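> have a look at this prediction, sequence included:
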Amino acid sequence: MATSYSSRHLDEAPSTQDVARRAFTGDPILVTAAVQTAGRGRSGSVWQTAPRAIAGSLAFAPGWPVADLPTITLVAGVAAGSVIPGASLKWPNDVLIGGAKVAGLLAELSDGVVVMGVGVNLWWPDPPAGVAGIHGEDPGHEAGPRLADAWATTLLRLIGAGPTAWPIEEYRRLCTTLGQDVTWEPDGRGHAVDIDDSGALVVETPEGRRLLTSATVSHVRPSTDR
């Protein structure tokens, strides 16, 4: 898989995911936008955005076996943790600083092409509860594309190592979900103890160990950065 990529920055886009998917012609392409008018989060949720934010979507064909593709979201989390100072990860796709969400990740697959999206709150002076920006002051309009470029470069390098070499130990180190009591819909409850080789969250429950692969997990007690 090519690790170089082309990039396109837009002041505004309905969804960088859709633009990147349409623009992909075989080589990786990164599409970024300062504003999305129809951005979406995991499971179709609306992604709240900060006054200064960046949305980036990287379209690429990883060449991985289909069974390994879900791990790409976790690899993208490691890439985000590498370029956002002080970041930690909430399994599977939230990026936190001090327990507050500063970025989210969204993976979409179509005909072997992955469109991996990241939305980052760069600056948010008066954020809703539970979210924050990564800067205390407005970093200016160039900060977002620079961050997205660094994330895409890191992600493609990690993907290029292949599915058996994904950085699981780094994900474990960054993951604040481990060691937490967690809940999930409809009525699950347990203690998160590990991330397995496939990226599943290993949870101890009164009925025994359970592997979560796609559940929306909530921490029972507040997260703290490691």
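Received the coordinates, thanks.
> show me where this structure has strands.
For the chain, the strands defined by DSSP state E occupy 6-13, 29-36, 52-60, 88-90, 94-97, 100-110, 113-123, 181-184, 188-195, 201-205, 208-212, 217-219.
> and of the ones you listed, who's closest to residue 135?
strand 113-123 (4.8 Å; C-beta to C-beta). For the C-beta atoms, the positions are set from N, CA and C on the backbone; glycine is no exception.
> for that closest one, name the packing helices and strands.
On a contact count with 3 or more C-beta pairs under 8 Å, 6 or more residues apart in numbering; DSSP states H and E, strand 113-123 meets helix 16-23, strand 52-60, helix 71-83, strand 100-110, helix 143-160.
> and residue 215, which of these is closest to it?
With respect to residue 215, and counting by C-beta to C-beta, the nearest of the helices and strands packed on strand 113-123 is helix 71-83 at 13.4 Å.
> still on that earlier bit, lowest average confidence across the strands of the chain, which one?
Of all these, the minimum mean pLDDT falls on strand 217-219 (a mean of 90).
> okay, now the sheet partners of that strand, with direction.
Here strand 217-219 has these sheet partners by DSSP bridges: strand 181-184 (antiparallel).
> quick one: contacts of the partner strand?
189-192, 201, 203, 212, 215-221 (C-beta atoms under 8 Å, 6 or more residues apart in numbering).
> can you check stretch 129-143 too?
34, 48, 50-52, 54, 84-85, 87, 97-98, 100-103, 120-125, 127.
> now with 7 Å, please.
Identification of contacts with stretch 129-143 by C-beta atoms under 7 Å, 6 or more residues apart in numbering yields 34, 48, 50, 52, 84, 97, 100-102, 120-124, 127.
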